[in-house]
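**Q** Requesting a structural model of the entry that follows:
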Amino acid sequence: MDVLSFIGVILAFVAILGGNYLEGGHAAALLNGPAALIVIGGTLGAAFLQAPVAVFKRALSIIRWIFFPPRIDLAGGINRVVGWSMTARKEGLLGLEAVADAETDPYARKGLQLLVDGAEPEAIRSILEVDLYTQEGRDIQAAKVFESMGGYAPTIGILGAVMGLIHVMGNLADPSLLGDGIAVAFVATIYGVGFANLLLLPIGNKLKAIAQRQSRYREMLLEGVLSIAEGENPRSIELKLQGFMD
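**A** Here you go, the predicted structure:
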């Protein structure tokens, strides 16, 4: 669990609502159904138009990473690769067959299977790099869905503000109707800017960071598998892979 994400979300909203309260405002004044409909509906509509179905589904499936990111253990991965190299050194590459069958990580299992099959290092690199770049590209595109929504939301909020002001101008003769129009105008802007900068843009950036860290882990596995294929010493492999550590 990513405690920092929980703290960040809570701190952001407490700061905004607390500042509003200290200035004499009330939380109820920030609740406005029409403004929420304009901003949330308009932002989602723009995102639906931009993103293919597969990308949007992927975005929804990885949003949980914000609070429950996938475990990426670079140090543990290096130890595993060194263990594979020791096994290959003692038993030959065919000795890795049982290790490959027991491996739960599909990327690592594919690399081990290529070693067992006796693939050339260049072939191993070509095959594993396709997987690496494809997966990274898919996750980055999914993260950009939230990033793009963070760009649309403030503009939709301004659109809601203009609509509220149009409503105000149309009812200047009836002061009793001016309040609702002004409320929609200002609250829509708050929703657009707030959702973008407190949620959508941070979510997009964090998902991209997690995707890039996963790619670094796979790059480490790729270099380790290639080093085993080239018959490097386990100690040399360990020293090389330590360069991937934070």
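
**Q** Against Asp131, how distant is Lys144?
**A** Look at Lys144 and Asp131: by C-beta to C-beta, to the nearest Å, they are 21 Å apart. C-beta coordinates here come from the backbone N, C-alpha and C atoms, glycine included.

**Q** can I see the domain layout of the chain?
**A** Using automatic domain parsing, the domain parsing of the chain gives 1-31, 33-244.

**Q** Quick one: the ones you listed as JSON lines, columns for mean neighbour count too.
**A** Formatted as JSON lines, those follow (neighbours: other C-beta atoms under 10 Å):
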{"stretch": "domain 1-31", "mean neighbour count": "11"}
{"stretch": "domain 33-244", "mean neighbour count": "17"}
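
**Q** Output those in JSON lines; the columns should cover mean pLDDT.
**A** Listed next are these as JSON lines, based on pLDDT from 0 to 100:
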{"stretch": "domain 1-31", "mean pLDDT": "85"}
{"stretch": "domain 33-244", "mean pLDDT": "91"}
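
**Q** Taking the centroid of the protein, which residue is nearest it?
**A** Taking C-alpha atoms, centre = their mean, the centroid of the chain lies closest to Leu207, which sits 1.4 Å from it.

**Q** Just give the nearest non-adjacent residue to that residue, would you?
**A** The shortest distance from Leu207 to any non-neighbouring residue, by C-beta to C-beta, 6 or more residues apart in numbering, is to Ala143 (3.6 Å).

**Q** Helix or strand next in line after the lengthiest helix in the chain, which one?
**A** The residue-count maximum for a helix in the chain (DSSP state H) belongs to helix 121-170. Remark: after helix 121-170, the chain's next helix or strand is helix 178-195, criterion DSSP states H and E.

**Q** That following helix to helix 121-170, inter-axis angle?
**A** Orientation check (axes from the mean of the first three to the mean of the last three C-alpha atoms, to 10 degrees): helix 178-195 against helix 121-170 gives 170 degrees.

**Q** Check which helices and strands helix 178-195 sits against.
**A** Taking 3 or more C-beta pairs under 8 Å, 6 or more residues apart in numbering; DSSP states H and E as contact, the helices and strands that helix 178-195 lies on are helix 33-36, helix 121-170.

**Q** Redo those helices as TSV? Include distance to Arg64.
**A** Below are those laid out as TSV (distance: least, C-beta to C-beta, whole Å):
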stretch	distance to Arg64
helix 33-36	24
helix 121-170	12
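
**Q** Compare the ones you listed and give me the one nearest Ile237.
**A** With C-beta to C-beta, the closest approach to Ile237 among those belongs to helix 121-170: 13.5 Å.
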